[in-house]
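Peer 1: just to be clear, the model below is a prediction. Sequence and coordinates:
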Amino acid sequence: MEAAIRRSEELFMMGFNCSQSVVAPFAGLYGYTEEQALRLSAGLGAGIGRMRLTCGAVCGMAILAGMDCGSSVPGDREGKSANYKVVQMLAEKFRDVHGSICCSELLKLKKDAPLSFEASERTAEYYRTRPCVNQIITAARIFAEYYKEKYS
C-alpha cells in the first residue's frame, strides 16, 4: 500500500490530475489497468472538470469505493446505501484532515473566481503554490487504510 501512495504522488507530479492520481495506483486491485483508471477518472480533476466543486482526490476515493463495494444490480437500495456509507466515511476522514472536501475552499479561491476549462500548465510555480499533492497523499492513504482494514 505504501507503494500505491507513493505512486499517487508520482502521478500528480508527472502531470496527471488529482482524481487520476488517486485512482490509478489502486485500480489493479479491482482488475483495471492504470490506463483504464486514468481515463475513467480524468473528468473529475480540479473539482470535477475544473469547476472547483468536490476535490478530485475525494472524487477519486469515491471511484475506488465504487470499484470496491459499488452495486451493479438495478434497484439495489441496500447495496447503494452501503457504498454511500463508505464514500461518506472516506470523505469525512479527508475533511477531518483538510477542513473541507471542496476544491475552491481547499485552494482558497475567491467566491467569484472565474472558471475555465483550460488546464493549468504544470510548472514549478504551479506545484509550489498548490496544496494538491498533500491532499492526494491524504486521499491515497485514507483509501489504503480502508482497504487494509477491510481485507486484512
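Peer 2: Arrived safely, thanks for sending.

Peer 1: and residue 65, how far is that from residue 126?
Peer 2: 29 Å (Cβ to Cβ, to the nearest Å). C-beta coordinates here come from the backbone N, C-alpha and C atoms, glycine included.

Peer 1: which residue ranges of the chain form helices?
Peer 2: Counting by DSSP state H, the chain has helices at residues 2-14, 18-23, 34-41, 56-69, 77-98, 103-106, 124-129, 132-151.

Peer 1: go through the last one and flag the buried ones.
Peer 2: Within helix 132-151, the residues that count as buried by 16 or more other Cβ atoms under 10 Å are 132-133, 135-144, 146-147.

Peer 1: format the CA atom coordinates belonging to the worst-scoring helix or strand of the chain on mean pLDDT as PDB.
Peer 2: Least confident helix or strand, the chain: helix 124-129 with a mean of 88, by mean pLDDT, DSSP states H and E. C-alpha atoms of helix 124-129 as PDB (Å, rounded to 0.1, in the frame of the first residue of the first chain):
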ATOM      1  CA  ALA A 124       7.500  24.700 -10.700                       C
ATOM      2  CA  GLU A 125       5.300  27.700  -9.700                       C
ATOM      3  CA  TYR A 126       2.200  25.600 -10.100                       C
ATOM      4  CA  TYR A 127       3.500  22.800  -7.800                       C
ATOM      5  CA  ARG A 128       4.800  25.300  -5.300                       C
ATOM      6  CA  THR A 129       1.500  27.200  -4.900                       C
END
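
Peer 1: centre of the chain to that helix, how far?
Peer 2: Its chain's average C-alpha position is 20 Å from that of helix 124-129, according to Cα atoms, centre = their mean, to the nearest Å.

Peer 1: outside of that helix, which residues touch it?
Peer 2: 13, 120, 133 (Cβ atoms under 8 Å, 6 or more residues apart in numbering).

Peer 1: let's go with 6 Å and repeat that
Peer 2: Applying Cβ atoms under 6 Å, 6 or more residues apart in numbering, the contact partners of helix 124-129 are residue 120.
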